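J.: Sequence plus predicted model, see below.
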Number of protein chains: 2
Amino acid sequence: MFEFGNHIRRRREELRQSDRTYSVRQVAARVGVEPSYLSKIERGREAPPSEAKIRALAHELDEDPDALLAMAGKVAGDLQEVIRRRPHLMSQLIREVQSMPDANLRHLVARARQRKN
Amino acid sequence: MFEFGNHIRRRREELRQSDRTYSVRQVAARVGVEPSYLSKIERGREAPPSEAKIRALAHELDEDPDALLAMAGKVAGDLQEVIRRRPHLMSQLIREVQSMPDANLRHLVARARQRKN
DNA sequence: TCTGATGTGTAGTGTATAGTACATACTACA
DNA sequence: TGTAGTATGTACTATACACTACACATCAGA
């Protein structure tokens, strides 16, 4: 599962084509970690960082924080909080949609959004 | 946040009324931890145990594992897995239902169950 | 050519997590 | 009154998490 690091590295180098400031050192500085740490993460020699750093990385690389967190094997703290507030209902809902195809799930999200349910 | 320990203690002592085997020692043995550890947890001197032990405790005390995990500030691993598989859709869904009243949420769960969506 | 930026290696740190092991003190009851 | 069972206190431990600090080799550009 070094998916995370690989992805970060590819994305950073992609951005670097048009902007030289996307070096390990400078991205690390902007995200707030040591360059060697980011380097190790990108090469999978170190586990993904904390949620806060992953969010900073997502912002820096213009990526979806939730997707990045997922690659890191994590779930956003605010989502966990929503589940913990109503554990029974939320657990039911999540287990229920588990096997639902994307299209149907999208439909359900839309319905929830419209407060029709 | 010593909600968890308090709850466990009350529930255990409740069961103890009709069954003497619900002592700290014996429950700890059945759940697979040291009695002193369970004692500390119940009095909030120690943080809640791992998900596995919480599940064993839920089974032992005949309670909802998801509710107990929530009290412990945790979210079941299988639910996290569901979210990580489709981070974008699942995050949307969860944030969408966040402010939905229980009744509507129950309705949404029912709909999901019937695969009508 | 040399200088500044770059990536990476090695070592170490503080804190949290998830407990065990054993000693001690109380308490019910035979 | 002794003893079996019960709860709790104290001390430890091992592993993971989330990093920092700094040295070093390389490499591109002025």
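T.: In hand now; what should we look at?

J.: Next up, phi/psi of the spatially closest residue to A:Met71 that is not a sequence neighbour, please.
T.: Nearest non-adjacent residue to A:Met71, counting by Cβ to Cβ, 6 or more residues apart in numbering or on different chains: A:Phe4, 4.4 Å away. To be clear about C-beta, it is placed using only N, CA and C from the backbone, and glycine gets the same treatment. Summarising the backbone geometry of A:Phe4 under the convention degrees, to the nearest 10, its torsions are phi -60, psi -60.

J.: For A:Phe4, give its distance to B:Gln92.
T.: With distances taken as Cβ to Cβ, to the nearest Å, A:Phe4 is found 22 Å from B:Gln92.

J.: the more surrounded of these two?
T.: Neighbour count, other Cβ atoms under 10 Å in any protein chain shown: between A:Phe4 and B:Gln92, A:Phe4 has more, with 23 against 19.

J.: for that one, what are its contacts?
T.: With Cβ atoms under 8 Å, 6 or more residues apart in numbering or on different chains as the criterion, the residues that contact A:Phe4 are A:Ile41, A:Gly44, A:Pro48, A:Leu68, A:Met71, A:Ala72, A:Gly73.

J.: A:Lys40 is in contact with the third one, correct?
T.: No. Applying Cβ atoms under 8 Å as the test, A:Pro48 and A:Lys40 come out as separate, 10.8 Å apart.

J.: Between these two, which is the more surrounded one?
T.: Counting neighbours by other Cβ under 10 Å for A:Pro48 and for A:Lys40 shows that A:Pro48 has the greater number, 22 against 14.

J.: Tell me the one of the contacts of A:Phe4 nearest B:Ala110?
T.: B:Ala110 lies nearest to A:Gly73 out of the contacts of A:Phe4, by Cβ to Cβ, at 31.8 Å.

J.: so where does the closest one fall, helix or strand?
T.: In the assignment (DSSP states H and E), A:Gly73 maps to no helix and no strand.

J.: okay, now it: neighbour count?
T.: Here the neighbour count serves as a burial measure; for A:Gly73 (other Cβ under 10 Å) it reads 14.

J.: so which two of the contacts of A:Phe4 are the farthest from each other?
T.: Across the contacts of A:Phe4, the two lying at the largest distance from each other (Cβ to Cβ) are A:Gly44 and A:Leu68, at 15.1 Å.

J.: Thanks a lot, catch you later.
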